[in-house]
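# sequence and computational prediction follow.
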Amino acid sequence: MWEVLQHAGWVTTLATSRGLYGLVSVVHYSTVFFGVGTIVLLDLRILGVADRDQHLSLLAEQLRPWTWMGFASAVFSGFLLFATEAGDFAAATPFRVKMLIIVLAVISALCIEWSVPKWDRAPVMPVTARLVALISIMLWLGAILVSVEIPALTGLG
Amino acid sequence: MYDVVLACCRWLENTPWGATVRGSSWMYPIALWLHFVGLSMWLGTSLAVDLRLMGVGARRQTAAELSNGFFACNWIGFGVAFLGGFLLLSAEATTYVANTGFRLKLAVLTPLAMIWHLVVQRKIRLWTQTEQTSAIGKWAGLIELSLWISVVTASVGFLLTNAVIHA
């Protein structure tokens, strides 16, 4: 199935055009940095390290549209980059690990989004909140680590 | 002039850290990881302020409030990105400076974007004194956003044309 995608006409065009491939890469890098940055910022606020003067729910409300727009663009551009070597990526263990980590990280981000109003009303930040925020940071650090290891380990990308 | 730059690059490559990153199979990805982790914090916080200045995704906080709240994360992110980038450069400095994309990134676009970032951080209070961001503020945000995207573009151009392959 992934081999079929890899050999589709539009994918070959993307893979062989340095300009197009470069453009998609620029979108992917920019939106990943932006999306991860804004998620981690909220995590750091929950941990009490960043932007402590700001109400948690206000900050969450401010970051929400940016985070998810960034994330959606990162997934879309990432899928296009994946398509150019789909068969090889899908078979590579580090790439599968990356996808797993990202799914877990997104689940933690959604948990945080849902719980923010509750946590903001608590007199002190609940331990659960701090724990989830810490896990979220670790997962994103892991996602970036496995991303830089994919070319190093498999020669892909 | 270029001789001096090349001499500095040779010196960097021969430093203990330059030789270590180049000679090890795992140090290079770790330096790249540091660079990317720092960039996530740096660009996450910087671009958020730029978008807020432009009025994209505006909520109840002003751009100045965001810039103020993100200040520490912003500069810690820069420090980490700089450290990672410095290690990467030290490993392959002479190869890197031969690349047009890299020269453009390091000598022109990054300094420009940095200077503009400092201007924005200093003047942002002035631009957001009223409920509405001033027209200058909106343009300033758009310019900083464009400058950082041009830095990413030059970096990607460099990555796609770089002769060094790390496997």
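Structure received. Numbering: from 1, shown residues only, chains lettered A, B, ... in the order given.
# what's the per-residue pLDDT of the residue of chain B found nearest chain A here?
Going by C-beta to the nearest C-beta, chain A is nearest to residue B:44 of chain B, at 1.4 Å. (Glycine included, C-beta is placed from N, CA and C.) Note for residue B:44: predicted pLDDT of 97.
# likewise residue A:32?
Residue A:32 is given a pLDDT of 98.
# now do residue B:164
Looking at residue B:164, its pLDDT stands at 55.
# next, count neighbours for residue B:77.
By other C-beta atoms under 10 Å in any protein chain shown, 25 other residues sit near residue B:77.
# if we can go back for a sec, what's near enough to touch the residue of chain B closest to chain A?
A:33, A:34, A:35, A:36, A:37, A:38, A:40, A:41, B:77 (C-beta atoms under 8 Å, 6 or more residues apart in numbering or on different chains).
# gap between the residue in chain A that chain B sits nearest to and residue B:48?
Chain B sits closest to residue A:37 of chain A, with a gap of 1.4 Å, by C-beta to the nearest C-beta. As judged by C-beta to C-beta, to the nearest Å, residue A:37 and residue B:48 stand 8 Å apart.
# tell me which element the residue nearest to residue A:108 when sequence neighbours are not counted is part of?
Counting by C-beta to C-beta, 6 or more residues apart in numbering or on different chains, residue A:136 is the residue found nearest to residue A:108 once chain neighbours are left out, at 4.3 Å. Using DSSP states H and E, residue A:136 sits within helix A:127-154.
# same deal with residue B:58?
For residue B:58, there is no host helix or strand (DSSP H and E).
# what number of residues lie near it?
For residue B:58, using other C-beta under 10 Å, the count is 16.
# what does the one 10 residues further on give?
Using other C-beta under 10 Å, residue B:68 is surrounded by 18 other residues.
# compare residue A:37 and residue B:48 (neighbour count), which wins?
residue A:37 (29 against 26).
# next one, pLDDT for that one please.
pLDDT, residue A:37: 97.
# for it, what are its contacts?
So residue A:37 contacts B:40, B:41, B:42, B:43, B:44, B:45, B:47, B:48, B:77 (C-beta under 8 Å, 6+ apart).
# chain neighbours aside, what residue packs nearest to it?
Using C-beta to C-beta, 6+ apart, the closest residue to residue A:37 is residue B:44 (1.4 Å).
# next one: the one you found from residue B:36, what distance?
Going from residue B:44 to residue B:36 by C-beta to C-beta gives 12 Å.
# shared neighbours, these two?
The contact sets of residue B:44 and residue B:36 overlap at residue A:33 (C-beta under 8 Å, 6+ apart).
# where do the helices sit along the chain?
Unless you meant another one, I'm taking chain A. A:2-6, A:9-16, A:18-46, A:56-84, A:86-91, A:93-121, A:127-154 (DSSP state H).
# not what I meant, chain B
Taking DSSP H as the criterion, chain B carries its helices at B:2-14, B:16-23, B:27-54, B:63-97, B:100-103, B:110-127, B:135-161.
# rewinding a little: in this structure the residue nearest to residue A:108 contacts residue A:106, no?
No - counting by C-beta atoms under 8 Å, residue A:136 sits too far from residue A:106 to count as a contact (9.7 Å).
# more crowded one of those two?
residue A:136 (24 against 16).
# next, give phi and psi for the residue lying farthest from the centre of chain A.
Most distant residue from the mean C-alpha position of chain A: residue A:123, 30.8 Å away (C-alpha atoms, centre = their mean). Per-residue torsions, residue A:123: phi -60, psi -40 (degrees, to the nearest 10).
# next up, the contacts around residue 7.
With no chain named, the answer covers chain A. So residue A:7 contacts nothing (C-beta under 8 Å, 6+ apart).
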